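Chemist: one predicted model, sequence on top.
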Amino acid sequence: MISRGFYALGCTWLPTIVGTAIAFLLVPLYVELRQQMDAVGLAIASAIAILLYVLLLGWLQHRRFKREAAARGATLENVPSMLGGALRLGMAAAIATVAGLLLRSVLVRHAPGAELSAILIRATLLCVGGVGVYVAAARALGITELSEIAGVLHDALGLKRHSDVQTTRFLPEGLRKQLSCGGRSRIRSRLLFERPLRRR
C-alpha cells in the first residue's frame with residue numbers, strides 16, 4: 001500500500017532500493033535466528049524486516065507528501081494519517097494472533113492427531129476463529145475500511161445493505177421496484193444529481 005503512493009508520484013525506484021537494502025542488512029539476523037529457533041526464527045526475522053521496511057518507507061513517504069503539498073501551497077495538517085490506521089490494524093492483528101495461539105492449544109488437546117482429517121479440522125477452525133477475532137477487533141477499533149469491504153461484498157452477492165433497506169421506505173413505489181430489480185446504482189445517481197437541481 002505504501003509503495004503505491006510512490007508509484008503514483010512516478011517514483012518507482014525508492015521502494016525497491018529500500019526493500020533490497022533492508023533485506024541485505026538483515027541477512028545476519030536471518031542466519032542467527034534460523035540457527036537459534038529454526039523456522040520460528042525465520043518468521044520472526046521476516047516480521048522484523050517487514051516492520052522496518054514499512055516504518056522507513058512510511059516516513060519517507062510522509063516527507064515526500066509534505067514537499068508535494070508545500071509546492072502547491074497546502075499542508076497535511078487536516079489530512080488523516082495512515083499511521084493511526086496501521087497501528088489499529090496492528091493491534092487487531094496482535095489480538096487475533098493471541099486468540100489464535102490460545103485456540104491452537106485448545107484444539108491440540110481436544111482434537112489431537114497427525115491424520116489429514118484432524119489437521120484440516122484444526123486448520124479450518126483456526127482460520128475461521130482467527131479471521132473472526134480480527135474482524136471483530138478491527139471493527140471495535142474503528143477501522144472504516146471494513147464497511148467499504150462489506151459494501152463491495154453486498155453488491156457482489158446482490159444483497160441489500162441495511163442502510164438501503166432503511167432508505168427504501170421513504171422512496172416512491174416506482175423507485176422501490178427499481179431497487180428490487182437491481183437498479184441500486186441508478187437510484188443513487190438520481191438521488192445525487194437530481195436533488196441539487198430541485199433545490200435550485
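Modeler: That came through, no problem. Numbering: from 1, shown residues only.
Chemist: and residue 101, how far from residue 76?
Modeler: As defined by C-beta to C-beta, to the nearest Å, residue 101 lies at a distance of 38 Å from residue 76. Placement of C-beta: from N, CA and C, glycine included.
Chemist: what stretches of this structure score poorly on pLDDT?
Modeler: Regions of the chain meeting the criterion pLDDT under 70 cover residues 80-81, 159-200.
Chemist: who touches residue 93 in this structure?
Modeler: Contacts here follow C-beta atoms under 8 Å, 6 or more residues apart in numbering; on that basis residue 93 touches residue 134.
Chemist: work out for me the element it sits within.
Modeler: Under the criterion of DSSP states H and E, residue 93 resides in helix 82-110.
Chemist: now what about the helix or strand that comes right after that helix, what contacts it?
Modeler: Sequence order places helix 116-140 as the next helix or strand after helix 82-110, per DSSP H and E. Helix 116-140 is contacted by residues 88-89, 91-93, 95-97, 99-100, 103-104, 107-108, 111-113, 146 when judged by C-beta under 8 Å, 6+ apart.
Chemist: which of those residues are buried? Put it as a ChimeraX command.
Modeler: Paste this into ChimeraX to select the buried members of the contacts of helix 116-140, with burial taken from 16 or more other C-beta atoms under 10 Å:
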select :88,89,92,95,96,99,100,103,107
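Chemist: the helix holding residue 93 vs helix 116-140, what angle?
Modeler: Regarding helix 82-110 and helix 116-140, their directions subtend 150 degrees when assessed with axes from the mean of the first three to the mean of the last three C-alpha atoms, to 10 degrees.
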